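Visitor: Sequence first, predicted model second:
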Amino acid sequence: MEFIIVFILLVIILISGYFLFDIRIKKMKEAGHNIKLDDTTSKFPENREICEEVLKMLNNKNVKIKEESMQNNKKKTSTSLYVALTDTIFIGNIKDTYTRIQTICHECLHSIQPRRMLLFNFIYSNVYIIYFIISVILSLMGVIKDIKLQIIIISIMSFMYYVIRSYLETDAMIKAKYLAKEYMNDYIKVNPVCSKKNVEEVVQEYDKVNKLGIPAYNYVLFVKCFIKIGIIVLVGMFK
């Protein structure tokens, strides 16, 4: 009976979180689509060059850069990320969207975050997933008898995972807008491809994207953690 109560509480918390984080799916789908701003940012350099210049601004010139458009043998993806283990920024297929400059700045900012925390996040994330999978399998096989203990362990691990991941991503998302603005303003001083007003229009849209994206990212992270806890609870319900 206690497992059913815990599961119901998890569902209630997830539904409440959807409204507390103010998730707006329709507006999120519309975000990132602006023909006028796409045209403005298309006048700026290619993604790799932007990434190199932004890294120079951050005084971090040793980061490796790999671009999705150059990987012809693989299916293209719009996902960009920074991998701390190899100190590499992977730039996805984002050439045709005005958000590309902010996205690149976001990944560059990850590269200057505390390396110890980045490496810990990488290692801990994998340990967290592996432990969860093993815990579920062994619980289903009956090797692990104390399901309540596993719920407590996964809850604590999930909390730790959420705090670290949320901090790293939110920090980069907030700062990326300002770094993108600084880059664009510096660039048009030498190469007047657009006006300062155009840059402000892009930055204002970045602000709108962040107001939708930051809560949404944190909610999705929140859901992923609660799903793991929920699965362990379900195992306890049917054991």
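Guide: Received it, and whenever you're ready, just let me know what you need. Residues are numbered from 1 along each chain as shown.
Visitor: what's the closest non-adjacent residue to E53?
Guide: Excluding the flanking residues, the one nearest E53 by Cβ to Cβ, 6 or more residues apart in numbering is Y183, at 6.6 Å. (Each C-beta comes from the backbone N, C-alpha and C, glycine too.)
Visitor: Give me the distance from the least confident helix or strand in the chain by mean pLDDT to the chain's centre.
Guide: When the helices and strands of the chain are scored by mean pLDDT, DSSP states H and E, helix 25-30 comes last with a mean of 72. Taking Cα atoms, centre = their mean, to the nearest Å, the mean C-alpha location of helix 25-30 is offset from the chain mean by 17 Å.
Visitor: just stretch 177-190 next, same as before
Guide: Mean C-alpha position of stretch 177-190 versus that of the full chain (Cα atoms, centre = their mean) differs by 23 Å.
Visitor: Ok, stretch 31-40 next?
Guide: For stretch 31-40, the distance to the chain centre is 21 Å (Cα atoms, centre = their mean).
Visitor: Outside of it itself, which residues are in contact with it?
Guide: Contacts with stretch 31-40, where a contact means Cβ atoms under 8 Å, 6 or more residues apart in numbering, come from 96-99, 194, 198, 201-202, 205, 208-209, 212-213.
Visitor: contacting residues for T41?
Guide: T97, Y98, R100, I101, V202.
Visitor: swap in I164?
Guide: M117, F120, N121, Y124.
Visitor: hmm, 6 Å instead?
Guide: With contact set as Cβ atoms under 6 Å, 6 or more residues apart in numbering, I164 has these partners: N121.
Visitor: same check, this time on I104
Guide: I50, C51.
Visitor: Is F90 located within a strand, as I assumed?
Guide: Yes. Counting by DSSP: H, G, I helix; E, B strand; the rest coil, F90 is located in a strand.
Visitor: from the chain's centre, how far out does the helix or strand where I104 lies sit?
Guide: According to DSSP states H and E, I104 maps onto helix 100-110. Offset of helix 100-110 from its chain centre (Cα atoms, centre = their mean): 11 Å.
Visitor: and that helix, C-alpha only, in CSV?
Guide: Extracted in CSV, the C-alpha atoms of helix 100-110 (Å, rounded to 0.1, in the frame of the first residue of the first chain):
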residue,chain,number,x,y,z
ARG,A,100,23.1,29.4,-33.4
ILE,A,101,25.3,32.2,-31.9
GLN,A,102,23.8,31.9,-28.4
THR,A,103,24.0,28.1,-28.7
ILE,A,104,27.7,28.3,-29.5
CYS,A,105,28.3,30.7,-26.7
HIS,A,106,26.5,28.3,-24.4
GLU,A,107,28.9,25.5,-25.2
CYS,A,108,31.9,27.7,-25.0
LEU,A,109,30.8,28.8,-21.5
HIS,A,110,30.7,25.1,-20.5
